[in-house]
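J.: let me see the structure of the following:
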Amino acid sequence: MSRESPDLVIFPGAGSFGGELQPLLRELAPSARLARYPGRVGKDFGTAAGSFGEVVRSCTGQVRRRQPVRPVLVGHSFGAYVAYATAARLEELGAEVSAVVVVGATAPALLAVPGSATRSRSDTAAYLEAIEPGLVCGEAAGEWRNIIVDTALQDLTLLAGFCPEDYGAVRCPVLAARGEADPLTSNEGLDEWAGVTLGGCCRRIFPGGHSDLLRLLEFASWLREASVTAS
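T.: Now for the predicted structure:
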């Protein structure tokens, strides 16, 4: 008899409101749910965070309130660092985490947010378009496009203040994935995640760019199987 899938908490990337994650959430339902960053989803969810640590504290509180049994934390891009830091804080508080899955994110030791990415709204938009053409300008237009860019600018600014040394090594394994054409990552960059875990690290490469794998059934299947194995 196969084991049931553990709870998965999925952390979106910079500027994301979770739209690109909806196919993945549906595929993994009912086990998966979206982490909500401060101020991100409506006025009822507070104001935007003033620091990376504040984002982590909010997400740690969300996971603890739901009291999942050995959850898997899955983060894409900016969300990968939030997922890792949240796992570290949960373990400090005595909670068990089955695994951290980092997607489209180089290891914290190699992370460098370009100063040009946070210089202005137009520079942030250009940075996002260089990562994935159409990411901002494809479907978003007008006011909504400005909201996405402003949110990404804020997230990248917070990420620039992220200090991996504040969180240390997690006990759970880290599973690292990337699209083969993702300009933000490399196979070596994924392997370096081994430096933040005592539980081992492995990587998996998928077709496409920075976000394409989020829409692949192959990725959803791998994530489901890897989560069950880790738990």
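
J.: residue 174 and residue 103 touch, don't they?
T.: No: the pair formed by residue 174 and residue 103 falls short of the contact definition of CB atoms under 8 Å, at 11.3 Å. C-beta coordinates here come from the backbone N, C-alpha and C atoms, glycine included.

J.: so which of these two has more stuff around it?
T.: In this comparison of residue 174 against residue 103, neighbours counted by other CB atoms under 10 Å, the higher total goes to residue 103 at 31 against 27.

J.: contacts only, for the more buried one.
T.: Counting by CB atoms under 8 Å, 6 or more residues apart in numbering, residue 103 touches 74-77, 80, 176-178, 213-214.

J.: among the residues you listed, which one has the most neighbours?
T.: The most crowded member of the contacts of residue 103, judged by other CB under 10 Å, is residue 80 (29 neighbours).

J.: tell me which element it is part of?
T.: Using DSSP states H and E, the element containing residue 80 is helix 78-92.

J.: need the contact list for residue 210.
T.: When the contact criterion is CB under 8 Å, 6+ apart, the partners of residue 210 are 77, 104, 131-132, 135, 179, 182-184.

J.: quick one: the strands in the chain?
T.: Assigned strands in the chain, in chain order: 8-11, 32-34, 72-76, 99-103, 174-179, 201-206 (criterion: DSSP state E).

J.: now these in a markdown table, with mean pLDDT and distance to residue 54?
T.: Below are those laid out as a markdown table (pLDDT from 0 to 100; distance: least, CB to CB, whole Å):
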| stretch | mean pLDDT | distance to residue 54 |
| --- | --- | --- |
| strand 8-11 | 98 | 15 |
| strand 32-34 | 95 | 18 |
| strand 72-76 | 98 | 17 |
| strand 99-103 | 98 | 20 |
| strand 174-179 | 98 | 23 |
| strand 201-206 | 97 | 27 |
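
J.: export these to a markdown table and tack on distance to residue 111?
T.: Putting the strands of the chain into a markdown table (distance: least, CB to CB, whole Å) gives the following:
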| stretch | distance to residue 111 |
| --- | --- |
| strand 8-11 | 15 |
| strand 32-34 | 23 |
| strand 72-76 | 13 |
| strand 99-103 | 11 |
| strand 174-179 | 13 |
| strand 201-206 | 16 |
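
J.: so which of these gets nearest residue 62?
T.: Residue 62 sits nearest to strand 8-11 of all the strands of the chain, at 7.7 Å, using CB to CB.

J.: residue 89 contacts residue 167, doesn't it?
T.: Yes: under the criterion of CB under 8 Å, residue 89 lies in contact with residue 167, with a separation of 7.3 Å.

J.: pull the number of nearby residues for residue 131.
T.: The burial count assigned to residue 131 is 20, neighbours taken as other CB under 10 Å.

J.: residue 215 too?
T.: In terms of burial, residue 215 registers 15 neighbours under the definition other CB under 10 Å.

J.: swap in residue 120?
T.: Should you count by other CB under 10 Å, residue 120 turns out to have 12 residues around it.

J.: residues contacting it?
T.: Listed by CB under 8 Å, 6+ apart, residue 120 has no contact partners.

J.: what separation do you get for it and residue 92?
T.: 37 Å (CB to CB, to the nearest Å).

J.: residue 39 reaches residue 49, doesn't it?
T.: Yes: with contact defined as CB under 8 Å, residue 39 and residue 49 form a contacting pair (6.9 Å).

J.: of those two, which one has the most company?
T.: The residue with the greater number of neighbours, taking residue 39 and residue 49 and applying other CB under 10 Å, is residue 49; the counts read 20 against 16.

J.: roughly how far does that one sit from residue 85?
T.: When CB to CB is applied, the distance between residue 49 and residue 85 equals 12 Å.
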